[in-house]
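Student: Dropping the sequence and predicted coords here.
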Amino acid sequence: MMIHPDMLKELKAFYTPGTRVRLVCMDDPYTKLTSGATGTISSVDDIGTAHVNWDCGSSLGVVFGEDEIMKI
């Protein structure tokens with residue numbers, strides 16, 4: 001899935017490194033992360049994946065258009 005350059009710019013501005021987030025949902029049957037998990041954004045890459053350092057120790061990325069997080 002391609003992300004429009006304007007949307008990517010908005011994501012990077014909204015989810016800056018250090019932003020605290022909560023997982024709403026993730027479309028990954030293999031993760032142990034559950035809704036409500038919290039973490040800190042480390043970066044957003046050029047395809048819109050938000051890289052999160054989850055408080056539980058995971059560093060699984062959040063895929064734009066597939067998964068959902070919210071600022072806390």
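Tutor: Ah, there it is. Since the structure is predicted, the reported quantities are computational estimates derived from the model, not experimental observations. Residues are numbered from 1 along each chain as shown.

Student: Give me the contacts around stretch 43-52.
Tutor: 3, 7-8, 11-12, 15, 17, 21, 39-42, 59-65, 69 (C-beta atoms under 8 Å, 6 or more residues apart in numbering). C-beta coordinates here come from the backbone N, C-alpha and C atoms, glycine included.

Student: Identify each buried residue in that stretch, please.
Tutor: The neighbour-count criterion (16 or more other C-beta atoms under 10 Å) identifies 44, 48, 49, 50, 51, 52 as the buried residues of stretch 43-52.

Student: Start and end of it, how far apart?
Tutor: 7 Å (C-alpha to C-alpha, to the nearest Å).

Student: Now do the strands for this structure: every range, in order, please.
Tutor: 20-25, 38-44, 50-54, 61-62, 68-71 (DSSP state E).

Student: would you list these in JSON lines and tack on distance to residue 32 and mean pLDDT?
Tutor: Listed next are the strands of the chain as JSON lines, based on distance: least, C-beta to C-beta, whole Å; pLDDT from 0 to 100:
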{"stretch": "strand 20-25", "distance to residue 32": "11", "mean pLDDT": "98"}
{"stretch": "strand 38-44", "distance to residue 32": "13", "mean pLDDT": "98"}
{"stretch": "strand 50-54", "distance to residue 32": "10", "mean pLDDT": "98"}
{"stretch": "strand 61-62", "distance to residue 32": "15", "mean pLDDT": "96"}
{"stretch": "strand 68-71", "distance to residue 32": "16", "mean pLDDT": "97"}
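
Student: Please consider this matter closed, and thank you.
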